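Provided below are the primary sequence and the corresponding predicted coordinates.
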Amino acid sequence: MGGWRTAVKAGGKRFEIVSIEERIRLKQREAELLKRIARLKKAMNETRELDTLANKGKLFKEAQAELRRLQARLAGIDSGDTK
């Protein structure tokens, strides 16, 4: 896990300590993914061909999944509780 420096147990909860630079990088990636999802939504609405639509739908789902993972990671960092 790239920027994760250490795992610590405190009060029975595990949390990760990351650098400020890593937190900034994660927030920037989150913003990039949100922009990508918005572009894909627009492109899907404008697409008429089914094969292109299916491909963009797949990319859209992949971007959403990555965004969910990233947001879960950020929530764990912010709350101090990750799995």
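Yep, that arrived.

pull the helix or strand with minimum mean pLDDT from this protein.
Here the helix or strand of the chain ranked lowest by mean pLDDT, DSSP states H and E is strand 4-10, holding a mean of 51.

flag every buried residue along the lengthiest helix in the chain.
Ranked by residue count under DSSP state H, the longest helix found in the chain is helix 50-79. By neighbour count on 16 or more other C-beta atoms under 10 Å, the buried set for helix 50-79 is 56, 59-60, 63, 66-67, 70, 73-74, 76-77. Placement of C-beta: from N, CA and C, glycine included.

what mean pLDDT does that helix get?
Here helix 50-79 scores 89 as its mean pLDDT.

report all helices and strands that it contacts.
When contacts are defined as 3 or more C-beta pairs under 8 Å, 6 or more residues apart in numbering; DSSP states H and E, helix 50-79 sits against strand 13-18, helix 20-46.

angle of the last one against helix 50-79?
Angle between the axes of helix 20-46 and helix 50-79 is 150 degrees (criterion: axes from the mean of the first three to the mean of the last three C-alpha atoms, to 10 degrees).

return the list of helices and strands in contact with helix 20-46.
helix 50-79.

one more time with 10 Å
strand 13-18, helix 50-79 (3 or more C-beta pairs under 10 Å, 6 or more residues apart in numbering; DSSP states H and E).

and these as TSV, adding distance to Ala38?
TSV is the format used below for the helices and strands packed on helix 20-46 (distance: least, C-beta to C-beta, whole Å):
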stretch	distance to Ala38
strand 13-18	27
helix 50-79	10
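
out of the ones you listed, which is closest to Met44?
helix 50-79 (4.9 Å; C-beta to C-beta).

returning to that earlier point: reformat the buried residues of helix 50-79 as TSV; add distance to Met44.
Formatted as TSV, these follow (distance: C-beta to C-beta, whole Å):
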residue	distance to Met44
Lys56	5
Leu59	9
Phe60	7
Ala63	12
Glu66	17
Leu67	16
Leu70	22
Arg73	27
Leu74	26
Gly76	31
Ile77	32
